[in-house]
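> predicted model follows, preceded by the sequence.
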Amino acid sequence: RELLARVRAMLRLINAEKALRLQRDELESIVQKRTEKLRESEKHYRALISEMENGFALHEIICDADGNPCDYRFLEVNGAFEKMTGLEGSEIIGKSVKEVLPNTEPYWIETYGKVALCGKPVRLEAFSTEFGEYFEALAYSPKSGLFAAVFTNVTDRILAHKELQKSEERYKNLLSLSPGGIYQTDVNGDCTYVNDRWLQMSGMTMEEAAGKGWAQAIHPEDREAVRRSWYEMAETKGSWEQEYRIQNKEKEVTWVYGLATSMQDARGKIVGYIGLNIDISKQKKSESARREAMRFNEQIIVNSPVGISLYDAISGDCIAGNISMAKLVGASRDQMLGQNYLTITSWKKSGILAAAQKSIADQTNVRIETAVVTTFGKRLNIDLNFVSFESEGRPVLMLTATDITPRVQAEKRLKRSESKLKALVDNIPGMAYSADASWHAEVFGGCKEISGYPPVELNSSKNGWLDIIHPDDKEAALYQSSELQASPSSLISVYRII
């Protein structure tokens, strides 16, 4: 029995040793596999670190006697780090950053120290004096006392951003100095920015103008129409232009010509709108003054006793005329306005058309007096004056007309009277004359029979009638003449002629 117990104990020991060997072999296999996996993982890790485009560096933080970070040592760097910094890994591994880069800014060491000692990752973007470049670093701690940093050179991006900021600043300065009111909106048409000039026009603040608040700056009479057309434009993604009034809180009004167009991103997508308000108040005042002047001039023309009519110099159509002109030609105003001077028969026959065309061709005043029978059957003598000028870019012919029929008729009567008087004087016995106070006389019939001089000779003489008065009687004759002129009456004078 004792032997059997020993055998059984020996078998149990053998089995235990066998199981132990199996467990050891299995454990060694597991360790070997895990080691191979770790080696493979490390291989992949190092391949990743080696091939990555970002700079990578593993460091050990160095502290002073008080435990404060004062430096750090390079433990490992990749090729991208070498290329980015120009530092060879073989020359810096094992060295501290102050040995390699003595001008390194303290904030890099302080920031990395917190990462290595506290384990909290950090993202850092700063300028390196040593390299004259901007870097972005993502630092983390794989183990207490160590930190790894992944670097990206962001100099181009930073400089581009700074240039963009400068450009935006210049842009804003230009906007602020613009004589026009400039505004920007989002894609829905709601205000996001206005410049100083817009604020001056409206009397609003930027906060008041934001969103849909800008519409409160529009004159109440224009507000609804402007707001409706603006948001309709924003919905249709078009452009916009309109004249309207801006009114500030003091009720001061500014007339503006507003225009806007869309802003697009790099893909052509509309991201908002930018617009400009041009102050046209002076032009509006000028237009108002011009319209008032035109109304005043129209009243002058309409109420003038002189006949006035205006014609389109190219088409010949009558474009305006007053009542006096209509009465002068014997027509209604509507009949006169329906005329075309190029087709008026009486103008062609009387030389009026030729005078009008000369005024247009030479751009000068042309005056003509003529007798005419108007299109409406009225016979008259007329004094016409043509003036050519431009109105709103078109040549215009203005005609002023005065009825001189009474004057012409009076002249005819006077000529008939003079003719009768001359016939009467020529047939009276003796000699007749008319003279001024100096005895400058005009002699009529009987002159030659009495004086021996024909009338033409005396009338053309410098002293006239005085030349044939006897020298002894000349002074008395002149005195009597002056007395008669001073106190008009009749005079009987006796003197001798030679």
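Okay, I see it. Quantities reported herein were computed from a predicted structural model and do not represent experimental measurements. Numbering: from 1, shown residues only.
> can you report how many residues lie near the closest residue to G258 other than its chain neighbours?
Once flanking residues are discounted, G258 sits nearest to N277: 4.9 Å by CB to CB, 6 or more residues apart in numbering. Backbone N, C-alpha and C define where each C-beta goes, glycine included. N277: 26 surrounding residues under other CB atoms under 10 Å.
> pretty sure N277 is in a strand, no?
Yes. N277 forms part of a strand when assessed by DSSP: H, G, I helix; E, B strand; the rest coil.
> now it: how far from C191?
Here the criterion is CB to CB, to the nearest Å. By it, N277 lies 12 Å from C191.
> so what sits against both of the two?
Any residue near both N277 and C191 by CB atoms under 8 Å, 6 or more residues apart in numbering counts here, and that gives Y183.
> can you name the next helix or strand after whatever helix or strand E125 lives in?
Assessed by DSSP states H and E, E125 sits inside strand 122-128. Sequence order places strand 133-140 as the next helix or strand after strand 122-128, per DSSP H and E.
> so in that sheet, which strands flank that next one, and in what orientation?
With DSSP bridges as the test, strand 133-140 is paired with strand 122-128 (antiparallel), strand 146-153 (antiparallel).
> most tightly packed of those?
Greatest average neighbour count among those goes to strand 146-153 (a mean of 21), per mean count of other CB atoms under 10 Å.
> report the mean confidence score over stretch 266-275.
Mean pLDDT, computed over stretch 266-275, is 86.
> what does stretch 323-339 give?
The average pLDDT for stretch 323-339 rounds to 88.
> can you tell me how far the closest residue in space to Q480 that isn't next to it in sequence is from I469?
Of all residues not flanking Q480 in the chain, S493 sits nearest, at 5.0 Å (CB to CB, 6+ apart). Here S493 is placed at a distance of 10 Å from I469 (CB to CB).
> OK, contacts around Y257?
E241, Q242, E243, N277, I278, I280.
> one more pass at 6 Å, please.
Residues in contact with Y257, defined by CB atoms under 6 Å, 6 or more residues apart in numbering, are E243, I278, I280.
> which of these lies closest to K143?
Each of these was checked against K143 using CB to CB; the closest is I278, at 68.1 Å.
> is the closest one in a bridge, and if so with what?
Beta-bridge pairing of I278 under DSSP bridges involves Y257.
> and I382, by the same measure?
Beta-bridge pairing of I382 under DSSP bridges involves T370, D403.
> which one of S493 and I469 has more residues nearby?
Set side by side, S493 and I469 show more neighbours around I469, with 20 against 11, by other CB under 10 Å.
> okay but the more buried one is in contact with A477, surely?
Yes. If you go by CB atoms under 6 Å, I469 and A477 touch, sitting 5.5 Å apart.
> what touches both of those two?
Y495.
> pull the residues that contact stretch 262-279.
With CB under 6 Å, 6+ apart as the test, stretch 262-279 has contacts from 180-187, 237, 254, 256-260.
> which one of those residues sits in the busiest neighbourhood?
Highest neighbour count within these: G181, with 25 neighbours (other CB under 10 Å).
> hey, what's that residue bridged with?
N277.
> now swap in the one 4 residues further on and tell me
T185 has the following beta-bridge partners by DSSP bridges: C191, Y273.
> gap between it and V226?
Distance from T185 to V226, by CB to CB: 14 Å.
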